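Trainee: Take this sequence and fold it.
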Amino acid sequence: MKLNELLQRVARGEVSIREAETILDARGETNLGFARVDLDRHSRRGLPEVIYCPGKTAEQIIQIMSALVADGQNVLATRATNEQYIAVRRSHAEAVYHELPKAITIQVAEPGERVGLLAVVCAGTSDIPVAEEAALTAEFMAARVERVYDVGVAGLHRVVKHVELLKRCRAIVVVAGMEGALPSVVGGLVDRPIVAVPTSIGYGVNFQGLAALLAMLNSCAPGVTVVNIDNGFGAGVAAALINRVGEHAA
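Mentor: Below you'll find the model as predicted:
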């Protein structure tokens, strides 16, 4: 039961104060046995609990989704396989699969107008799946997102063409594999917070993204914050939170 509905029922005398207290105490989570679904996270953090699909069975994913949907919350499930999506569709026909970021979304509540402006920039086409995870996550959190793809340091003129757009953004997610140099380049061109995402794209001594991660951690451009390898989701959340603060300040 939604809080507003509960308060209205208390006001009409349909629910006693003691009953309302009991409902509120239980309202914060749904205990499924294998998972305690955090229904209060949206009010605390500004986004619902997000489902990380690897390691979960399709039935577990479906039950967690059902708990969120029953509470009127939108659903984002990350790193989902197509097989998991097919299983989810049998219970939630409204579910949508996003092929590149491998994510499932279910829209229950109207998302409202997207606000502010973020950019998601990636170095190469191979980095797009991680970049799309960041972009989709930020959009799920009601941020307006511009995508700037395939502008790596092998052709610096490509990113320079987009500097005016980047300067208008409240934050920029920069995704890169190989040597991971692009966040430092962007950080030297604009005065915006940058969330850097190393990817596991690269040849042998890239070490599945470790080389890019270390390069980004050692960036000489101040204001670059780094998330874990391939963590587009974490970068999208961080940038969206910055965007939200900017919206409140505006």
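Trainee: if you skip the residues just before and after it, what's nearest to the one residue sitting closest to the centre of the chain?
Mentor: Residue closest to the mean C-alpha point of the chain, counted by Cα atoms, centre = their mean, is Thr137 at 2.6 Å. Among residues not flanking Thr137 along the chain, Gly236 sits closest, at 2.9 Å (Cβ to Cβ, 6 or more residues apart in numbering). The C-beta positions use only the backbone N, C-alpha and C, and glycine is treated the same way.
Trainee: where does the helix or strand harbouring the one you found sit relative to the chain's centre, distance-wise?
Mentor: Per DSSP states H and E, Gly236 falls inside helix 232-249. Averaging C-alpha positions (Cα atoms, centre = their mean, to the nearest Å) puts helix 232-249 9 Å from its chain's average.
Trainee: which strands and helices sit next to that helix?
Mentor: strand 115-122, helix 128-140, strand 143-148, strand 171-176, strand 194-198 (3 or more Cβ pairs under 8 Å, 6 or more residues apart in numbering; DSSP states H and E).
Trainee: Of those, which is nearest Arg90?
Mentor: Proximity to Arg90 (Cβ to Cβ) singles out helix 128-140 among the helices and strands packed on helix 232-249, at 23.0 Å.
Trainee: That closest one versus strand 115-122: what angle between them?
Mentor: Interaxial angle of helix 128-140 relative to strand 115-122 (axes from the mean of the first three to the mean of the last three Cα atoms, to 10 degrees): 170 degrees.
Trainee: any idea how far Ala119 is from Ala135?
Mentor: 9 Å (Cβ to Cβ, to the nearest Å).
Trainee: same deal with Glu99?
Mentor: In terms of Cβ to Cβ, Glu99 sits 22 Å off from Ala119.
Trainee: Those two: which has the busier surroundings?
Mentor: The neighbour comparison of Glu99 against Ala119 (other Cβ atoms under 10 Å) goes to Ala119, with 26 against 10.
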